[in-house]
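S.K.: Output the structure for:
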Amino acid sequence: MPAPSFAQRIILWQRRHGRHHLPWQNTRDPYRIWLSEIMLQQTQVETVKSYYLRFLSVFPNVFALARAPVTQVLELWSGLGYYRRAHFLHHTARRIVDDYHGTFPETEQELTELPGIGRSTAAAIAVFAFHRHAAILDGNVKRILARHHGIEGDPTQSSVEKHMWAVAETLLPKNNLPAYTQGLMDLGAQICTRTCPDCPHCPLRQDCFAHAAQQTALLPSPRQRQTIPEIPFQLLVIRHQDRILLEERRTQKIWSGLWSFPECAMGEDATQIVKQRFGLKACDHVVHTPVRHRLTHRLLIMTPVELHVAHERLRQTNHCRFYRHKEALSCAMPTPIRRILAKI
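M.R.: Predicted structure coming up:
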């Protein structure tokens, strides 16, 4: 009797040891599957659970999401990070309602034409919702393939990734695609982890290159370290009694659509900026310790400057308003800004 194939071992392991009760499992509703796949991009499962359930309670279907203002979507997304996902989610919901009459397209090709849906995400939706024959290649799968097949090189490089896609497609089983796909995700999350993989309990250990060669710590090959730019600036924490000024970010690429403190460059006179931009006179100001926040391709160094003003009569009110502290905390705002607001 021939030994079980790569896919057969994954499927059997998933049925016995995989995850079966996550909030987005046991459904073929493409809306729920799509929502979970977008939320799970670069975000841990435990973090996503509460956001996913809260999001569904407000937007139970694609029509509800498409009708909602993007500000409400961002409020529910606040704290989950990578806010472009929320903008893409809202844009895609409208596309599905307007162009597809609320019915999700079923093929990978059509799905990848929608905002925020890449090849691997499209494949996952196609597999789980429509039982299509498609391969995924997320971070977990890249790690499994690199170790099992001994694939060297940075998985984010196009040539290495292209090779991995080819391997992933050759390993696809003819049947049980949902169990196989979920099994790959579960194996990468539970067994073939980035550090300290649990090789003794891995169903692939018999013919795993990295396990045999004791190279699990070396594969996948690490990315080349790149120096990321540091972006220093001042945050203007403008207060009047128990109220605080927030500004909606409309034109900025970072945190677009979220509420934050107004900003100015380092070295600028914060008191003068407040007067020129808002017509407010600061009675005093306090410079707080800089806060560092790492984004994917840059490091933000934010210096909060707390300024107390005598009144709230703004020279220009477009996208700016004073909030009571509790109200401000309920706004859609980036996590580091929320932390600064909670401390000050």
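
S.K.: what's around the closest residue to H20 other than its chain neighbours, how many residues?
M.R.: Of all residues not flanking H20 in the chain, N26 sits nearest, at 7.5 Å (Cβ to Cβ, 6 or more residues apart in numbering). C-beta coordinates here come from the backbone N, C-alpha and C atoms, glycine included. N26 is flanked by 8 other residues according to other Cβ atoms under 10 Å.

S.K.: State whether N26 is indeed within a helix.
M.R.: No: N26: not assigned to a helix; according to DSSP: H, G, I helix; E, B strand; the rest coil it is coil.

S.K.: I'd like the domain boundaries of the chain, if you could list them.
M.R.: Split into domains by automatic domain parsing, the chain comes to 6-213, 230-343.

S.K.: Tell me which of the ones you listed sits nearest to P220.
M.R.: Closest approach to P220 among those is made by domain 6-213 (3.8 Å; Cβ to Cβ).

S.K.: Any idea how far the closest one is from the middle of the chain?
M.R.: How far domain 6-213 lies from its chain's middle: 12 Å, per Cα atoms, centre = their mean, to the nearest Å.

S.K.: Straight-line length of that domain, end to end?
M.R.: For domain 6-213, the first-to-last residue distance is 19 Å (Cα to Cα, to the nearest Å).

S.K.: I'd like the mean pLDDT over it, please.
M.R.: Averaged across domain 6-213, pLDDT comes to 97.

S.K.: Confirm that V305 sits in a strand.
M.R.: Yes: membership of V305 in a strand is supported by three-state DSSP.

S.K.: related to what we said a few turns ago, nearest to P222 among the domains of the chain would be which one?
M.R.: domain 6-213 (7.4 Å).

S.K.: can you put the domains of the chain in JSON lines and add distance to L219?
M.R.: Shown next, in JSON lines, are the domains of the chain (distance: least, Cβ to Cβ, whole Å):
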{"stretch": "domain 6-213", "distance to L219": "5"}
{"stretch": "domain 230-343", "distance to L219": "23"}
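
S.K.: Mean neighbour count, these: which tops it?
M.R.: domain 6-213 (a mean of 17; mean count of other Cβ atoms under 10 Å).

S.K.: Which strand or helix spans R95?
M.R.: According to DSSP states H and E, R95 maps onto helix 84-100.

S.K.: what comes into contact with that helix?
M.R.: 34-35, 38-39, 41, 62-63, 65-66, 68, 70, 73-74, 77, 80, 102-104, 114-117, 256-257 (Cβ atoms under 8 Å, 6 or more residues apart in numbering).

S.K.: Output that helix as PDB - backbone C-alpha positions only.
M.R.: The C-alpha trace of helix 84-100 is given here as PDB (Å, rounded to 0.1, in the frame of the first residue of the first chain):
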ATOM      1  CA  ARG A  84      -6.200  50.200   4.200                       C
ATOM      2  CA  ARG A  85      -7.900  46.800   4.700                       C
ATOM      3  CA  ALA A  86     -11.000  48.600   6.100                       C
ATOM      4  CA  HIS A  87     -11.100  51.000   3.100                       C
ATOM      5  CA  PHE A  88     -10.700  48.100   0.700                       C
ATOM      6  CA  LEU A  89     -13.400  46.100   2.500                       C
ATOM      7  CA  HIS A  90     -15.900  49.000   2.200                       C
ATOM      8  CA  HIS A  91     -15.000  49.600  -1.400                       C
ATOM      9  CA  THR A  92     -15.300  45.900  -2.300                       C
ATOM     10  CA  ALA A  93     -18.700  45.600  -0.600                       C
ATOM     11  CA  ARG A  94     -20.000  48.400  -2.800                       C
ATOM     12  CA  ARG A  95     -18.500  46.800  -5.900                       C
ATOM     13  CA  ILE A  96     -20.200  43.500  -5.100                       C
ATOM     14  CA  VAL A  97     -23.500  45.200  -4.500                       C
ATOM     15  CA  ASP A  98     -23.300  47.500  -7.500                       C
ATOM     16  CA  ASP A  99     -21.600  45.200 -10.100                       C
ATOM     17  CA  TYR A 100     -22.600  41.700  -8.900                       C
END
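
S.K.: Model confidence for H285, exactly?
M.R.: 89.

S.K.: if I pick the nearest residue to it once chain neighbours are set aside, what's in contact with it?
M.R.: The shortest distance from H285 to any non-neighbouring residue, by Cβ to Cβ, 6+ apart, is to L307 (4.4 Å). The contact partners of L307, taken as Cβ under 8 Å, 6+ apart, are 236-239, 270-271, 274, 282, 284-285.

S.K.: Swap in 7 Å and give it another go.
M.R.: 236-239, 270-271, 274, 282, 285 (Cβ atoms under 7 Å, 6 or more residues apart in numbering).
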